[in-house]
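**Q** Structural data only, the sequence is not supplied:
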C-alpha cells in the first residue's frame, strides 16, 4: 500500500491560494490583539464587532423568514449569489425531499430508519441470538466462529438480500454465542468462490497478538450485566465557547507503545480540563486495520479500535469527560472505506453490480489518491448503514457530535484531486458536484440534530462550499461548523518562505477573517496534518535543532528561542481572536510537541519513537 498519510494529507492541500473561495461577505471590525488567550476572550466580549455580528445575524434571520413565507429556499436570502445556481440547488433539495419521503413511507421516519443496528448485525430477542447481514452478492452464507468450532451454521436469505439465522440459548440459559468470542460470516459468490468476512455491523474486532500479517476476527460483544459500563454522568450542555482538543488516544502516552482508553481517561483528561478546553475530538476510534492510516482507512465503522481497549473502556473515557463538563466529538469517516477486503466492509463486494453493493461501480467506486472504496450514497441499505452508524455512536457511547472527515472528497466527483478552488460559485455547483453525497450529508445532519438537539457537527472541507453550514431547512447541508483549513497553510507558508520583517499584517488579518459571515468556522494554527512526516509542527519550524539544546530555563535564551517562544504564543493568540467562532488544538501542540508524527512502519523499524 502506498503512503496513506501522504495521500490523505495531499487532498487537504490541493487548494492553495484557491481557498479564497471562503470570501467575506462583511468584514468584522478589527480588534486589538491581546497578549494572552484569556485577554483575547475579554477583548472580544462586548466588542463592537460582536454587537455588529448580532445585528447581521438578526437581519439574516428576518430575510430567511421572509423567504420561507414565499416557499422558496431560504438560502437564497442568506446568499443572493446562490440564486444564479437555482437549478442545481432546487434539484438537490428535490432529491433530498424525495429520498426522505420514501424513507418515511417505508419505515415511518428518518429517526426510525437510523436504528438499523437494532435489527441488523447481532441482536438479542427473548432467548435467541439473531444475526442478520445484507449481502446480496452472495448465493450462500453461513455463520462461523468459536461457538460452533468454525463449522458452518447456514443462513436464510430474504427477497432483499438479507441473510439471517436464529440461535436458541443453551439448556442452562446461556447465549448460543458466548460474549467476547470470535465470529465471521462465510460467503459464496455467484462465481462459486468462498470467502470468510468480518460481519459488517460488528461492534468489536481483534487481531491475534504476535502474528505478523494476521487477519482481524469479528468479536461478539455482549458483556454480562455486571461487566457493562454504568453511566454516571449526564451529557454537558453545548459549549457556548467551543474550544476543541484534538487527540489520538494511541499516541497520548510517554511510553513507546499504543496507549489505552483508560490511560487517556486517567492521565490526559485532567490536563485537558485544566487547560480550559470545552470539547475533545477523538481520532482513530473506528476500527482500522492499518495503524499508520491515522484512523482514516476505516475497516469496521461500528467497531471500537481494539488497540486501545474494549468498548466498555471507551465508554468510561466518555463518561469521565462528561463528568468534567467536556463534550466528546468523534472523528467519523464516511467519505470512503478501506479497500482491505479481508478485514473490513470492502469484503462484501463480491463482484455484484452497484445496485446490490455498498460501493459504487467502476472508477466511481475507487478513490485513486487514497487507494480506498467510495460508498454508494444513493442506495437504501448504505444510507441506513451510515445513518445508523452515527446514531449508534450517539446512543451507545454518548458522543456529543462528529467531525466529518474528507467532506471535500464527498461533495465533488473529482474528490478535490488536483483542483484549486478560486471562490467562483460555478466551481461548487454543476455536474462536478456529487448530489447523492450531499443528500446523504443533509439527512445525516438532520437526523443527528433531531436525535441530539445539542449535537455539534463539523465539516472538514477545503473548498469553502456556500451553504455548508446553513440549516437543512434552508437548503444548506446542515453542519454547525467548518474547519478553516486555510489558516494553518498561511502560517506554515510564512514560516517557511517569508522573513519576519516582511510579514504583512493586513495579509494575515485577511487570511484569518476570510470566511462567510453567516457560517461558523473552527480556527486553528495547526492540527495533525501539519505534524505528519514530510512536514513539521510550528514549534519545529521556529526552534528547529535548538529545541533539543537550548530550551532549558537554567541557561539564557538564544535569539532563536526568544523569537520562537514569542511567535508560538502570538500566532495562537491572533488566530484564536480573529480566525473563527471556535478553536482547535492538536494534542501536544500547545507546548511544542510533537516535532513530527511517524507511525510504526517497516521503514522506521516499527518504532513508536515519534508516535507518542
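**A** Sure, I can see it. Owing to the predicted nature of the structure, the values given are computational and were not obtained by experimental measurement. Numbers count the residues shown, from 1 in each chain.
**Q** helices and strands of this structure: which one has the lowest mean pLDDT?
**A** Ranked by mean pLDDT, DSSP states H and E, the helix or strand of the chain with the weakest confidence is helix 4-11, at a mean of 38.
**Q** pLDDT below threshold where in this protein?
**A** Along the chain, the model assigns pLDDT under 70 to residues 1-70, 210-213, 530-534, 594-596, 609-612.
**Q** residues in contact with the closest residue to residue 223 other than its chain neighbours?
**A** Among residues not flanking residue 223 along the chain, residue 179 sits closest, at 5.5 Å (Cβ to Cβ, 6 or more residues apart in numbering). C-beta: built from backbone N, CA, C; applies to glycine. When contacts are counted by Cβ atoms under 8 Å, 6 or more residues apart in numbering, residue 179 touches 220-224, 227.
**Q** which ones are touching residue 407?
**A** Contacts of residue 407 (Cβ under 8 Å, 6+ apart): 335, 441, 459-461, 468.
**Q** Over to the residue lying farthest from the centre of the chain. Which of the three states is it?
**A** Relative to the C-alpha centroid of the chain, counting by Cα atoms, centre = their mean, residue 171 is the outermost residue, at 44.6 Å. Of the three states, residue 171 takes coil according to DSSP: H, G, I helix; E, B strand; the rest coil.
**Q** do the same with residue 522
**A** With three-state DSSP as the criterion, residue 522 reads strand.
**Q** before we move on, back to that, could you dump the contacts of residue 179 into CSV with neighbour count added?
**A** Converted to CSV, these look like this (neighbours: other Cβ atoms under 10 Å):
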residue, neighbour count
220, 23
221, 18
222, 17
223, 13
224, 8
227, 11
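**Q** any chance of those in TSV, with distance to residue 274 too?
**A** TSV is the format used below for the contacts of residue 179 (distance: Cβ to Cβ, whole Å):
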residue	distance to residue 274
220	40
221	34
222	37
223	33
224	37
227	32
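**Q** quick one: which of these is nearest to residue 562?
**A** Closest approach between those and residue 562, by Cβ to Cβ: residue 221, at 53.7 Å.
**Q** Pop out the phi and psi values for that closest one.
**A** phi -110, psi 110 (degrees, to the nearest 10).
**Q** Starting from residue 305, give me the distance back to it.
**A** Note on residue 221: its distance to residue 305, by Cβ to Cβ, to the nearest Å, is 13 Å.
**Q** tell me, what's touching those two both at once?
**A** Counting by Cβ under 8 Å, 6+ apart, nothing touches both residue 221 and residue 305.
**Q** doesn't residue 542 fall inside a helix?
**A** Yes - counting by three-state DSSP, residue 542 is part of a helix.
**Q** Surely it touches residue 559?
**A** No - with contact defined as Cβ atoms under 8 Å, residue 542 does not count as touching residue 559 (11.7 Å).
**Q** picking that back up, secondary structure class for the residue nearest to residue 223?
**A** Following three-state DSSP, residue 179 is assigned to coil.
**Q** from here on, count from 23
**A** Sure thing, new numbering starts at 23, so read that last one as residue 201.
**Q** can you tell me how far it sits from residue 282?
**A** Relative to residue 282, residue 201 is positioned 20 Å away (Cβ to Cβ).
**Q** ok, now residue 357?
**A** Where residue 282 is concerned, residue 357 sits at a distance of 28 Å (Cβ to Cβ).
**Q** Next: residue 186.
**A** Residue 186 sits 36 Å away from residue 282, going by Cβ to Cβ.
**Q** Looking at residue 357 and residue 282, which one has more neighbours?
**A** Shown here are residue 357 and residue 282; by other Cβ atoms under 10 Å, residue 357 has more neighbours (24 against 21).
**Q** show me what contacts the more buried one?
**A** Contacts of residue 357 by Cβ under 8 Å, 6+ apart are 426-429, 431-432.
**Q** ok, 7 Å please
**A** 427-429, 431-432 (Cβ atoms under 7 Å, 6 or more residues apart in numbering).
**Q** Can you flag which of those residues belong to helices?
**A** Counting by DSSP state H, the contacts of residue 357 place 429, 431-432 in helices.
**Q** Mind jotting down where the helices sit in the stretch 323-472 of the chain?
**A** For the stretch 323-472 of the chain, helices defined by DSSP state H, counting those that start in this stretch occupy the ranges 333-345, 402-419, 429-433, 457-473.
**Q** Could you identify which of these is most buried?
**A** Comparing those by mean neighbour count (mean count of other Cβ atoms under 10 Å), helix 429-433 ranks first with a mean of 26.
**Q** Return the residues in contact with residue 203.
**A** Applying Cβ under 7 Å, 6+ apart, we find residue 203 in contact with 167-169, 242.
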